[in-house]
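S.K.: coordinates only, sequence not included:
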């Protein structure tokens, strides 16, 4: 008797499912049901909230480059506006400080002359801001170069100030630049007076950036440590009454006919970056400067 033959069961590789038409119909019915349930009963709000939390990082990362670009643009715009405003305020402050330099000198002058003439010192009629371009590295010459020249009406002998006091005067003028000799140069002399009592003398440079010497003062001269030294106006170049230096040392040495008086410049000769060019009150110099068609921005005293 022959044994029954065993045949293995073969499962089909692909099982045929519902037809595509049925699937489309089922998906359509489910979609309509979800829309109706969400519209009428808000059943999907919790699910929507959960999904929004999950998807939020993706939305945030997608929009992050645009946000950063706008923030950087706003920051740069604000920084540029602040830089421009600070620059403008600094220039205005520089001019105002130069005007304030005259107040102490005017007060002392008014006290001395009120009983005589009742006159007061006129202030400069015109000033122009300039910036330092270079500093002379020659140890025997103390001079700087500024970015204003003949095209701006600058002339040889013109006084130069910073926000605190007198710095020097123009010695050479080119078309768009000028050379300024500092008051501490060994070859520079400036007519000055003691603001407290009007005693006149010459402030000579010593070659050191922080020292001036007041020459030809007799030993019995009324000069004290702390006295303010201002321009006297003699010589026709510097307007009177601008601060120059402060007396720091008074010595009376035997064998010398004059006292040794050392003063420290009030101007920041080694740190100032912006200076003021002042048109003096001498009519010839003032007319020559004001008749130039410079096109520069200037300040006039009210």
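M.R.: Structure's in. What do you need? The model shown is predicted, which means the values in this text are computed figures rather than measured ones.
S.K.: Near residue 209, how many residues? Count them for me, please.
M.R.: Neighbour count of residue 209, defined by other CB atoms under 10 Å: 13. Yep, even glycine has a C-beta here, placed from its N, CA and C like the rest.
S.K.: so residue 249 sits right up against residue 227, yeah?
M.R.: No - Residue 249 lies out of contact with residue 227 (CB atoms under 8 Å); the separation is 11.3 Å.
S.K.: These two: which is more packed in?
M.R.: More crowded of residue 249 and residue 227, by other CB under 10 Å: residue 227, with 21 against 12.
S.K.: Would you agree the more buried one is in contact with residue 248?
M.R.: No - under the criterion of CB under 8 Å, residue 227 makes no contact with residue 248, lying 9.7 Å away.
S.K.: so where do the strands sit in the stretch 201-302 of the chain?
M.R.: Secondary structure of the stretch 201-302 of the chain, counting by DSSP state E, counting those that start in this stretch: strands at 212-218, 228-231, 243-251, 258-265, 274-279, 299-300.
S.K.: now the stretch 201-302 of the chain, which segments are flagged as low pLDDT?
M.R.: By pLDDT under 70, the weakly predicted segments of the stretch 201-302 of the chain are 280-302.
S.K.: again, only using 50
M.R.: Where the stretch 201-302 of the chain drops to pLDDT under 50, the residues are 281-283, 285-302.
S.K.: The stretch 51-200 of the chain now?
M.R.: Residue ranges of the stretch 51-200 of the chain with pLDDT under 50: 115-124.
S.K.: Please, where are all the helices along it?
M.R.: In chain order, the stretch 51-200 of the chain shows no helices, with DSSP state H, counting those that start in this stretch as the criterion.
S.K.: Counting neighbours, what do you get for residue 207?
M.R.: The burial count for residue 207: 14, using other CB under 10 Å.
S.K.: Would you mind confirming that it makes contact with residue 141?
M.R.: No - Residue 207 is beyond contact range of residue 141, at 9.1 Å (criterion: CB under 8 Å).
S.K.: Now for those two: what residues contact both?
M.R.: residue 185 (CB atoms under 8 Å, 6 or more residues apart in numbering).
S.K.: ok, residue 22 to residue 30 distance?
M.R.: Separation of residue 22 from residue 30 (CB to CB, to the nearest Å): 12 Å.
S.K.: try residue 241
M.R.: Distance, residue 241 to residue 30, using CB to CB: 96 Å.
S.K.: More neighbours: these two, which one.
M.R.: Neighbours per residue, other CB under 10 Å: of residue 241 and residue 30, the larger number sits with residue 241, 25 against 10.
S.K.: Quick check: nearest residue in space to that one, chain neighbours excluded?
M.R.: Nearest residue to residue 241 in three dimensions, chain neighbours excluded: residue 105, at 3.4 Å (CB to CB, 6 or more residues apart in numbering).
S.K.: Might you report the residue contacts of the one you found?
M.R.: Applying CB under 8 Å, 6+ apart to residue 105 gives the contacts 121, 195, 230, 240, 241, 242, 243.
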